[in-house]
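Engineer: okay, here's the prediction I keep looking at, along with the sequence it came from:
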Amino acid sequence: MNRYFVPFAQLRQQPTIVVDSVGNGAALTLAHWRGAATPALLRDDTSAGSALRALHQPATAGLEAAAVTANHFDIDGFIGVWSLLHPELALRHEELLRLVAVLGDFREINWAHPLADHALQLVCWLNAEEKARFYEPFGAPLRQRREDEASAEKFAWFLPRFGAMLENPEAGRPLWLPEFERVKQAAAVVQGPRSQYRSYPTIGLAVVSTPQPVPYYALFGATAGFDIVLAIYEGNRYELEYKYTTWIDLESRPTLPRLSLAPLVARLSELEAGPRLWTTDGITDTGPLLRLGGTRKLSKAQRYADPDGRPIYASSIPPEVFEQEVLAFFEQGYAGISARKYWTWAEVKAVGAGPAPARR
């Protein structure tokens with residue numbers, strides 16, 4: 001079958017497969033979004049993974065649709081769309097494409113995997129071309145454009161070109177090399193003697209202490225299996241983030257629901273003697289970030305961009321105190337709550353009110 005991409009606005013004009021999105025009238029939904037109507041046999045951690053599973057199940061109802069769409073452009077969604085349009089090549093490179101989708105969406109990668117560098121090269125090429133030719137992720141509103149409309153231009157450009165890059169990444173070396181080298185150097189620091197890694201499995205927290213802010217691919221790279229990351233940098237600089245793994249329906253393992261970080265913000269503000277205020281994002285944000293705020297609130301595009309590309313301010317709170325306050329908050333908040341799969345947003349919000357601020 002020769003499938004083709006259509007802009008999201010054309011969803012109902014013909015039977016259409018919807019990838020990494022939800023939409024009324026879809027012939028088939030292949031998305032890891034919470035509550036998406038992805039068939040049970042096709043559920044996967046990434047939407048691209050669901051698309052690849054579908055290629056192994058050709059009798060799946062709705063897969064006969066020729067049109068494919070998505071309401072935004074990101075690496076996971078793009079890989080899913082591309083795979084449906086190029087099934088033979090996608091199945092030939094399935095393991096690599098799965099690594100690309102996970103790295104693109106969750107920023108996780110096993111650096112010891114033999115395909116890790118190839119996956120990073122492809123992700124860096126996609127990032128470089130996207131920023132050079134179009135706009136950064138979450139950047140459409142800043143240009144007074146709707147993402148579901150503007151992203152169609154990205155799909156139109158990338159879809160016919162990605163296959164060649166998949167099989168010969170050296171052709172794009174000048175584009176992917178700068179970010180690739182920056183990430184690899186940062187990952188070496190995070191994994192080296194100047195950094196420390198601590199994990200608290202019962203609450204899903206990973207703590208990364210490293211000298212300076214680093215790209216997300218280096219910071220989150222080795223945090224698979226954990227859903228909250230506390231980054232501690234020299235000079236009493238901190239950021240705490242709920243990973244995207246708690247925004248979607250993760251298939252491979254159970255997760256704990258998100259807690260509102262507002263009580264933790266209140267507690268840290270009590271302890272903070274500096275001039276800045278602690279801030280956080282709402283529970284339904286794709287990656288709620290807790291940090292000391294500046295004079296202007298970060299945009300979604302800035303929060304999604306790498307930590308080493310934004311200012312991270314010094315706190316008056318010592319690192320050991322900050323880490324203990326974070327631990328106390330989550331240990332109290334998750335007391336009596338068991339991890340499981342397929343939380344609804346209503347359930348997340350019900351438990352997400354969170355505990356009162358911890359007192360010590």
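Structural biologist: Sure thing, it's come through. Being a predicted model, the structure only gives us computed values, none of them experimental.

Engineer: so who does the closest residue to Tyr200 other than its chain neighbours touch?
Structural biologist: With C-beta to C-beta, 6 or more residues apart in numbering as the criterion, Tyr200 has its nearest non-adjacent residue at 6.6 Å, and that residue is Leu327. (C-beta placed from N, C-alpha, C; glycine too.) Applying C-beta atoms under 8 Å, 6 or more residues apart in numbering, we find Leu327 in contact with 200, 203, 205.

Engineer: looking at Arg145 now. What's its pLDDT?
Structural biologist: Note on Arg145: pLDDT of 88.

Engineer: I misspoke; the intended subject was Thr246.
Structural biologist: On the pLDDT scale, Thr246 gets 97.

Engineer: can you count the residues close to it?
Structural biologist: Residues near Thr246, counting by other C-beta atoms under 10 Å, number 22.

Engineer: phi, psi for it please.
Structural biologist: Backbone torsions of Thr246, given as degrees, to the nearest 10, read phi -100, psi 10.

Engineer: how near is it to Val348?
Structural biologist: Thr246 sits 8 Å away from Val348, going by C-beta to C-beta, to the nearest Å.

Engineer: again, but for Arg92
Structural biologist: For Arg92, the distance to Val348 equals 38 Å [C-beta to C-beta].

Engineer: who has more neighbours out of the two?
Structural biologist: The neighbour comparison of Arg92 against Val348 (other C-beta under 10 Å) goes to Val348, with 18 against 13.

Engineer: quick check: which element contains the more buried one?
Structural biologist: Using DSSP states H and E, Val348 sits in helix 345-351.

Engineer: I'd like the average pLDDT over that helix.
Structural biologist: If you average the pLDDT over helix 345-351, you get 93.

Engineer: burial count for Gly225?
Structural biologist: 13.

Engineer: so what's it up against?
Structural biologist: The contact partners of Gly225, by C-beta under 8 Å, 6+ apart, come to 201, 253.

Engineer: and the pLDDT for it?
Structural biologist: Reported pLDDT for Gly225: 97.

Engineer: same check, this time on Ala358
Structural biologist: If you check Ala358, the pLDDT there is 39.

Engineer: likewise for Lys300?
Structural biologist: Looking at Lys300, its pLDDT is 88.

Engineer: list the contacts of it.
Structural biologist: Going by C-beta under 8 Å, 6+ apart, Lys300 touches 138, 141.

Engineer: can you tell me how far it is from Glu129?
Structural biologist: 21 Å.

Engineer: ranges for the strands of the protein?
Structural biologist: 4-5, 16-19, 28-30, 67-69, 196-200, 205-209, 228-233, 237-242, 278-279, 289-292 (DSSP state E).

Engineer: so for Trp157, which of the ones you listed sits nearest?
Structural biologist: Using C-beta to C-beta as the measure, strand 4-5 is the one of those that comes nearest Trp157, at 11.2 Å.

Engineer: hang on, isn't Asn2 packed against Ala66?
Structural biologist: Yes. Here Asn2 reaches Ala66: they are 6.9 Å apart, a contact under C-beta atoms under 8 Å.

Engineer: more neighbours: those two, which one.
Structural biologist: With neighbours defined as other C-beta under 10 Å, Asn2 and Ala66 compare such that Ala66 has more, 16 against 5.

Engineer: what's near enough to touch Leu120?
Structural biologist: Leu120 makes contact with 103, 109, 180, 183-184, 217 under the criterion C-beta under 8 Å, 6+ apart.

Engineer: the same query, at a cut-off of 10 Å, please.
Structural biologist: Counting by C-beta atoms under 10 Å, 6 or more residues apart in numbering, Leu120 makes contact with 99-100, 103, 109, 111, 169, 176, 179-180, 183-184, 187, 217, 221.

Engineer: ok, and the most crowded of these?
Structural biologist: Using other C-beta under 10 Å as the neighbour criterion, Val100 leads the contacts of Leu120 with 28 neighbours.

Engineer: any idea how far that residue is from Ala48?
Structural biologist: 8 Å.
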